[in-house]
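1. Give me a 3D structure for the following:
(2 chains)
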Amino acid sequence: MLETCAGVDRLAGVVEAAPGMNAWGVFHAPDVDLAALERQVLALWNAAKGEPRLGSLIEIPTVYGGEGGPDLAGFALGLGVEAATVACWHSAVEYRVAAIGAMAGFPYLSGLDPRLHAPRLEIPHPATPAGTVIIGAAQAGVLPCTAPTGWRRLGHTGLSLFDPHQTPPCRLSPGDRVRFVPLAILP
Amino acid sequence: MIEVLTSGAVNTVQDFGRERGRAWGVGRAGAMDRLSLAMANILAGAAIDAPAIEIGIFPFAVRFLDDLRFAVAGASDRVDIDGARLPATWTGVARAGQTLTFAPPAEGVFAYLALAGGVTAPQVLGSASTDLKGRFGGLGGAPLKSGDRLSAGRAREGGATTAGFGPGRALVPVRLPVDEQGCRLVRVMEAAEWPGFDRDSQARFEAAPFEVTRAVNRQGYGLAGPPLRLALPVELHSHPIAPGVVQVPPSGQAVIQMAEANTCGGYPKIATVIATDLGALAQVRSGGRLRFRRVDRAQALAASQGQSLLLKRLARAVADRALFLLP
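-> Just a heads-up that it's a prediction; the model follows:
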């Protein structure tokens, strides 16, 4: 699919084709012939193989709870389990990078343990620090920069995910596998 | 070269923004009001999309360290050079030692300061624009602060005249038209989830006024108005979005994505503000009222061509010096 998206990206009149979780954004010149572009995109789509890319495995050292994961205790309480159990469920699985998006370097990770699925917050936390390990609905992620988030803050990592002066600027790519490695579980 | 004397937390170096970074989550950023940035650049003798300074917190003041042509545009109706008021949308030559001060404007939100040859700033991921959220681009990814120095692409005024001039009313872009109830008319196209909104919400979206709330920044403008509801609630995966997209969170209160929009979002999209109107929309203050008007692609394209033509006419007028000269 990523190769197909790259093919769309190279079509005449396309400014950029960017992958999302289960959708692409195709940004085109304003005056492009849309019907012709749609035919070309569909032709590439129909020729796609759909084999998932098996990327590299990246480990994310994480301190659960404490100042960096202020929602861990309350979330565990709501589930009726220990904070350590939530950290264990969160770190036991291998995630896949479904897409990079929203903000620079933010990985949408699929594979979250269904026991940790919970709706996004009604009111987002303002200015959540870079490196915060978060979960929202069926997804997991790590904030690459300080930003508001409506997801729950379980922990914190010192691993840098985005550097605009590196090529490529992102530590993770779609298809990569991710594991969280608990360094500590704080109250 | 210029030195910043007084600044604020959203005053940054901006250009037309980044393309082709979305696969890394890198959004467009760039000027909130591209048209005003383009006009300032044309007047100053810089490339139309050159880096310039976007000012959203006033007062903002700079001292010129060399003689240099500069131009102001956007919310530029309270700009002084050494205490002498300049007309809005104007270019002149400052002498070394002179101070240019942007006081809070009577109208609008963002003013632009362009320099001859463009403001010099490194390209990061294909643009010099400051991404405040990601903290990169511009001057070290940060807002301008007192003591910062910026140089111009062309250090000295090379033109035939050192006089000040401006485009006059004829070439100053028309701001959003205002209806009889004082609402600015904003042209939108239907977005992907438009058909999913219930009939009442679709009708209200065009009929009702929406007020720009105090929740406004480079990322988005929050609106207050009658609630907009989907006929059937949907839970969407995060999908690509762009500046201009009007999202509707569960509260039913719409948010317009602006220059520093995220590259992906999960809320349903009712409409998209056409690119031609997005800059003028950015100039509407908190408390200002909007009314949306649906247009089709042909109308949106025609509007975009009209704006390009306006910039071409301005560039030609600058080249011919067929402009309003300061006596």
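2. Up against chain B, what does chain A have?
-> Residues of chain A lying close to chain B by C-beta under 8 Å from any C-beta of the partner chain are A:15-16, A:18-25, A:27, A:30-31, A:34, A:99-106, A:108, A:122, A:137, A:139, A:144-145, A:147, A:162, A:164-165, A:168-170. For glycine as for every other residue, the C-beta is placed from the backbone atoms N, C-alpha and C.
3. Tell me where the stretch 51-200 of chain B has helices.
-> Shown for the stretch 51-200 of chain B, the helices assigned by DSSP state H, counting those that start in this stretch span residues B:168-171, B:199-207.
4. re the thing from before, and the residues of chain A next to chain B, which are buried?
-> With neighbours counted by 16 or more other C-beta atoms under 10 Å in any protein chain shown, these contain buried members at A:16, A:18-21, A:23-25, A:27, A:99-106, A:108, A:137, A:139, A:144-145, A:147, A:162, A:164, A:169-170.
5. Filter those residues down to just the ones in strands.
-> Using DSSP state E, the subset of those located in strands is A:16, A:18, A:19, A:24, A:25, A:27, A:99, A:100, A:108, A:139, A:147.
6. coming back round to it: least confident of the helices of the stretch 51-200 of chain B, on average?
-> Mean pLDDT values for these show the minimum at helix B:168-171, a mean of 62.
7. Tell me where the longest helix sits in chain B.
-> Scanning chain B for the longest helix, with DSSP state H as the assignment, gives helix B:297-320.
8. next one: chain A
-> Under DSSP H, the helix in chain A containing the largest number of residues is helix A:34-46.
9. can you list contacts of the longest helix of chain B?
-> Residues outside helix B:297-320 that contact it (C-beta atoms under 8 Å, 6 or more residues apart in numbering or on different chains): A:30-31, A:34, B:35, B:38-39, B:42-43, B:45, B:48, B:167, B:171, B:173, B:187, B:189, B:274-277, B:295, B:322-323.
10. Could you pick out which of those are located in strands?
-> B:187, B:189.
11. Now the buried members of the contacts of helix B:297-320.
-> Buried by 16+ other C-beta under 10 Å: B:35, B:38-39, B:42-43, B:45, B:48, B:167, B:171, B:173, B:187, B:189, B:274-277, B:295, B:323, out of these.
12. which of those residues are close to chain A?
-> Applying C-beta under 8 Å from any C-beta to those, those adjacent to chain A are residue B:275.
13. quick one, what contacts residue 13?
-> Because you didn't say which chain, this covers chain A. Listed by C-beta under 8 Å, 6+ apart, the contact set of residue A:13 reads A:28, A:29, A:32, A:33, A:37.
14. that's the wrong chain, I meant chain B
-> Listed by C-beta under 8 Å, 6+ apart, the contact partners of residue B:13 are B:51-54, B:119, B:121, B:128-130, B:137-139, B:144, B:150.
15. what about the residue of chain B found nearest chain A, neighbour count?
-> With C-beta to the nearest C-beta as the measure, residue B:240 is the residue of chain B nearest to chain A, at 2.6 Å. Residue B:240: 25 surrounding residues under other C-beta atoms under 10 Å in any protein chain shown.
16. repeat for residue B:107
-> 13.
17. phi, psi of it?
-> Here is the backbone geometry of residue B:107 (degrees, to the nearest 10): phi -140, psi 150.
18. got a list of what it touches?
-> By C-beta under 8 Å, 6+ apart, residue B:107 lies in contact with B:75, B:77, B:283.
19. repeat that for 10 Å
-> B:74, B:75, B:76, B:77, B:78, B:88, B:175, B:283, B:285 (C-beta atoms under 10 Å, 6 or more residues apart in numbering or on different chains).
20. Buried ones among the residues you listed?
-> Among those, those classed as buried by 16+ other C-beta under 10 Å are B:74, B:75, B:76, B:77, B:78, B:88, B:283.
21. Next one, pLDDT for the third one please.
-> For residue B:76, the pLDDT comes out at 94.
22. Was I right to think it contacts residue B:40?
-> Yes. In this structure residue B:76 lies within contact range of residue B:40 using C-beta atoms under 10 Å: 8.3 Å.
23. Leaving out the residues flanking it, which one is nearest to the closest residue to chain B within chain A?
-> Chain B sits closest to residue A:25 of chain A, with a gap of 2.6 Å, by C-beta to the nearest C-beta. Nearest residue to residue A:25 in three dimensions, chain neighbours excluded: residue B:240, at 2.6 Å (C-beta to C-beta, 6 or more residues apart in numbering or on different chains).
24. Surely that neighbour and residue A:19 touch.
-> Yes. Applying C-beta under 10 Å as the test, residue B:240 and residue A:19 come out as touching, 8.1 Å apart.
25. For the two, list the residues in contact with both.
-> Listed as contacting both residue B:240 and residue A:19 by C-beta under 10 Å, 6+ apart are A:25, A:99, A:101, B:22, B:23, B:264.
26. Just the pLDDT for the second one.
-> The model reports residue A:99 with a pLDDT of 91.
27. Beta-bridge partners for it, please?
-> residue A:108 (DSSP bridges).
28. ok, it to residue B:240 distance?
-> In this view, residue A:99 and residue B:240 are 9 Å apart by C-beta to C-beta, to the nearest Å.
29. list residues touching both of the two?
-> A:18, A:19, A:20, A:21, A:23, A:24, B:23, B:263, B:264.
30. Which one of those residues is nearest to residue A:114?
-> residue A:21 (17.3 Å; C-beta to C-beta).
31. Identify the residues contacting residue A:145.
-> Residues in contact with residue A:145 (C-beta under 10 Å, 6+ apart) are A:103-106, A:128-131, A:161-162, B:25, B:131-136, B:141.
32. Output the contacting helices and strands for the helix or strand harbouring residue A:182.
-> Using DSSP states H and E, residue A:182 falls within strand A:177-186. Strand A:177-186 sits against strand A:57-65, helix A:72-79, helix A:83-92, strand A:95-100, strand A:107-110, strand A:139-142, strand A:152-156, with contacts defined as 3 or more C-beta pairs under 10 Å, 6 or more residues apart in numbering or on different chains; DSSP states H and E.
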